[in-house]
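Asker: The following comprises the amino acid sequence and a computationally predicted model.
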Amino acid sequence: MNEGRPEDARTPAQRRCIADAVDRDGDFMDIGCANGLLLETLMVWAAEKGHSTRPHGIDFIAELVDYARARHRGHEGSFEVANAFYWKPRRQYDFVRTNLEYVPKADWPEFIGRLLELAVAPGGRLIVCHYADPNEPLVDVSAVLEQLGYTAAGRSAAPGVSLAWVDKPAER
């Protein structure tokens, strides 16, 4: 299978730090899921912490979504082709992970706000990552979230990656 995406060149440590944000069982939506490798390894790392996650993903490249479906037998219906910025989720998820670099900086407020409102379930968590381009500095995701008016509930990092997460209040 052609792994076919720059995410595949990322080290396990650059992916594993995302598991720091998984603190319970739940449905995990990976926005920009590519071939499903991150979700596959994340499920293992969450299980090592005693948590069960169910994989879901979107990507705008149909061939990559096919690879993700093949990798996650029994969950094929949990993957779809969609543009992250315009995506209208059919449901909400306990965990939603995305990257800042998917949209221009000017669109970060709208992108993050839409995901929190539409994709993250009440009591759920939005996990926002930034992977450093070799020619650009690493973005401090926690600082970005704070500048946008959100309180980072947690943060993690590895060489070349910064991530932080925001918890959506539970409905009363």
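Answerer: In hand now; what should we look at? All values reported here derive from a predicted model rather than from experimental measurement.
Asker: Where does pLDDT dip in the chain?
Answerer: Across the chain, the ranges flagged by pLDDT under 70 are 1-10, 12, 172.
Asker: Enumerate the positions of the helix ranked longest in the chain that are buried.
Answerer: Counting residues, the longest helix found in the chain (DSSP state H) is helix 37-48. By 16 or more other CB atoms under 10 Å, the buried positions in helix 37-48 come out as 37-39, 42-43, 45-46. (Glycine included, C-beta is placed from N, CA and C.)
Asker: same check, this time on stretch 17-26
Answerer: Quick answer for stretch 17-26 (16+ other CB under 10 Å): 17-23, 26.
Asker: for stretch 139-156, same thing?
Answerer: For stretch 139-156, by 16+ other CB under 10 Å, it's 139, 141-142, 144-145, 150, 152-153, 155-156.
Asker: Also stretch 164-172?
Answerer: Quick answer for stretch 164-172 (16+ other CB under 10 Å): 164-168.
Asker: biggest separation within the residues you listed, which pair?
Answerer: A164 and K168 (14.2 Å; CB to CB).
Asker: Nearest residue to the middle of this structure?
Answerer: R97 (1.6 Å; CA atoms, centre = their mean).
Asker: ok, that one touching I31?
Answerer: Yes: contact criterion CB atoms under 8 Å: R97 and I31 qualify, at 6.4 Å.
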